[in-house]
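**Student:** sharing a model that was predicted from the sequence below.
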Amino acid sequence: MTVREFKVLFYTKLTVLYPKNEVDIFFALITEEYLAISPVDVIVNPTNIISQDTLHRLEKVTQRLLREEPIQYILGKTEFYGLPFYVNKNTLIPRPETEELVDWIIEENKQQDSISILDIGTGSGCIPIALKKNLTTSNICAIDVSEKALEIAKKNMASNNVNIEWLAIDILRTEQLPKKFDIIVSNPPYVRQLEKNEMKKNVLENEPHLALFVTDNNPLIFYSKIADLAKRSLTKNGMLFFEINQYLAEEMLAMMKNKGYTNIELRKDFRGNDRMIKASYLSDEL
């Protein structure tokens, strides 16, 4: 089969399920991965023959896409903040909204030297690794309850040539963070069960529910716990950053105020949804 013939077949099958612009992305990604050719090569050399082995792999990828498996899991990798990351079903696929959270932290701290940062619920390690690549003198620690997620995070640390301290900790069961930090950041589970009907099938059936969902009756459970721990673990002038559920911004602001946080700032993401919060806490300690 030629590249052109495979492309016709691929688009015929997948445009039934996905918008054409999304199929364009899929095709470019898989031809680069399995054929080592660019979109320009596809146009210039459409009659190149695909080997039987490669064609078999491409057909398997097509079937997985038809089952609505995320392309990032199929390829085992994605990009975040311009950096390559390995992902699998033990880690969430990094989102562009989280890139905005990283951007905010970098923007506020690019003039600072040797700051200490803690990422809670690190998953693939995308937040701490992107921060370390851009705040090169920072000292970063990251924690997650999932040992399997930390395995991927460590792999991503190695491939991006940075140094991060990783700890396996269940944040809901811990009473104290390992030390004090200048910045604590977290993108914890925040999707309520009642919001499942708004989610795409490829997310619901593939991404780890442990990293996505909270109960409807206590949706701020992670934020409340982290805010309590951070009060005792932020340095003077330290900052707490959260990615949040767009539907719970008012509840988040009220919770942070009730816990004594000040200088609370809420930001929207590129889609115009309430998505990020920054706050500080003035300790009573001398």
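**Tutor:** Everything's here; your move. Residues are numbered from 1 along each chain as shown.
**Student:** avg pLDDT for the longest strand along the chain?
**Tutor:** Counting by DSSP state E, the longest strand found in the chain is strand 234-243. What strand 234-243 shows for mean pLDDT is 96.
**Student:** pull out the buried positions in that strand.
**Tutor:** Residues of strand 234-243 classed as buried: 234, 238-243 (neighbour count, 16 or more other CB atoms under 10 Å). C-beta coordinates here come from the backbone N, C-alpha and C atoms, glycine included.
**Student:** repeat for stretch 196-209
**Tutor:** For stretch 196-209, the neighbour count (16+ other CB under 10 Å) marks 202-203, 206-208 as buried.
**Student:** and if you look at stretch 244-264?
**Tutor:** 244-245, 247-249, 252-253, 255-256, 261.
**Student:** could you identify the most distant pair in the residues you listed?
**Tutor:** Considering CB to CB, no two members of those lie farther apart than Y247 and Y261, which are separated by 20.5 Å.
**Student:** for the stretch 101-250 of the chain, which segments count as strands?
**Tutor:** Per DSSP state E, counting those that start in this stretch, the stretch 101-250 of the chain carries strands over the ranges 116-120, 139-144, 165-168, 181-186, 191-192, 213-214, 234-243.
**Student:** quick one: contacts of the first one?
**Tutor:** By CB atoms under 8 Å, 6 or more residues apart in numbering, the list of residues contacting strand 116-120 from outside reads 105, 125, 127-128, 131, 135, 138-143, 171, 177-186, 188, 226, 233, 235.
**Student:** what's the closest non-adjacent residue to L234?
**Tutor:** In this structure, L234 finds its nearest non-sequential neighbour in Y281, 5.6 Å apart by CB to CB, 6 or more residues apart in numbering.
**Student:** for A279, same thing?
**Tutor:** Y261 (4.0 Å).
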